[in-house]
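[1] Return a 3D structure for these sequence lines:
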Amino acid sequence: MLSREAILEAAMRLCSPEGGGVLTFSRLGKELGADPTAVYRHFRDKDDLVLALTAMLIEEAEAQVDRAALSHDQWREWLTATARTVRAVHLARPALAVLAANRTTASPAETESVEEIIGVLHRAGLPPVEAAECYRMLLDLTLAFVQSTAAFLILEPEVQAKDDAAWAVKYGLLPAEQFPLLQAGSARLTELFRNDDEVFELVLETFLDGVGLKIERARSGG
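    Numbers count the residues shown, from 1 in each chain. Here you go, the predicted model:
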C-alpha cells in the first residue's frame, strides 16, 4: 500500500528536470507503479499535494540554512544565505516552483521560518512591525524571482531560444539615434538578459542596503 511519504518523494522526482518536470496524477501513478486513484487516499486533489510539497521545500531550505550555522547576529549574511537557499531549493524543481512560489502552507516549518526571519531583523535593531515588513519584502522579492526563472525553465527549448534571440537581435540592433540610452547599456543588458542569478544578487544586495539604512535609523532613534 502506498504511503504518503512515498507519494511525496515520487512527486518531487517528477518535478525535477531529470524527472521530466511535469506533475500530474497520471504520471505520478506511473512513477509509483500504481493506479493514479491511489494518490487520492492521501491527498484530496492536486492542490492538496502541491501544498504538502511546498511545505517540504520550506523544510529543506530551513535545514540547509541551519547546516550553514551562520550567527543570527550577522543579519545581512544570514538573510543573504536564506534568500539564496530558498531560491535554489525551489529552482531545483522548476515545475513545482511555478505552483509553489505564491502559496501559503501555514505549516509548522513555514511559521517557524517566519518567526526566525523576523527575529533576526528585530535582533539587528528593527522594531517588530518594521521587521515583519522587511520579512515580507524579502520573501516576496525572492519568490518573485523564483517564479520568473522557473516559468522560463519549463518552457520548451525552442521557445526559450526565441526569447533569447529577441534581445540579441531585435533589441541589440535598435538605432542608437532613437534609443541612445538603451544602446549605451545594451552590452550589459545583454549580459544580464538571461543571467537570472546575477540579477537576483544585484536586487538582493540593493534591498539589503535599504534594510541596513532602516536598521541604522532605528538604532539611532530616528
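[2] Domain ranges for this structure, per the record?
    What automatic domain parsing lists as the domains of the chain is 1-43, 59-154+185-219.
[3] Looking at those, which is nearest to Tyr171?
    Nearest to Tyr171, of all the domains of the chain, is domain 59-154+185-219, at 6.8 Å by Cβ to Cβ. In this view, the C-beta of every residue, glycine as well, is placed from N, C-alpha and C.
[4] circling back: need the domains of the chain in JSON lines (columns: mean neighbour count and mean pLDDT).
    Supplementary listing: the domains of the chain in JSON lines, determined by neighbours: other Cβ atoms under 10 Å; pLDDT from 0 to 100:
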{"stretch": "domain 1-43", "mean neighbour count": "15", "mean pLDDT": "87"}
{"stretch": "domain 59-154+185-219", "mean neighbour count": "17", "mean pLDDT": "95"}
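[5] List just the one of those domains that sits closest to Leu173.
    Counting by Cβ to Cβ, Leu173 lies closest to domain 59-154+185-219 out of the domains of the chain; the figure is 9.4 Å.
[6] Would you map the helices across this protein?
    Here the chain has its helices, by DSSP state H, at 4-15, 25-32, 46-68, 75-91, 94-100, 108-124, 128-153, 157-165, 180-184, 186-193, 196-219.
[7] Need the residues that contact the fourth one.
    When contacts are defined by Cβ atoms under 8 Å, 6 or more residues apart in numbering, helix 75-91 is touched by residues 57, 60-61, 64-65, 68, 70-72, 96-97, 100-101, 117, 120-121, 123-124, 138-139, 141-143, 145-146, 149-150, 153, 200, 204, 208, 211-212, 215.
[8] 7 Å instead?
    The contact list for helix 75-91 (Cβ atoms under 7 Å, 6 or more residues apart in numbering) reads 57, 60-61, 64-65, 68, 70, 72, 97, 100-101, 117, 120-121, 124, 138, 142, 145-146, 149-150, 200, 204, 208, 212.
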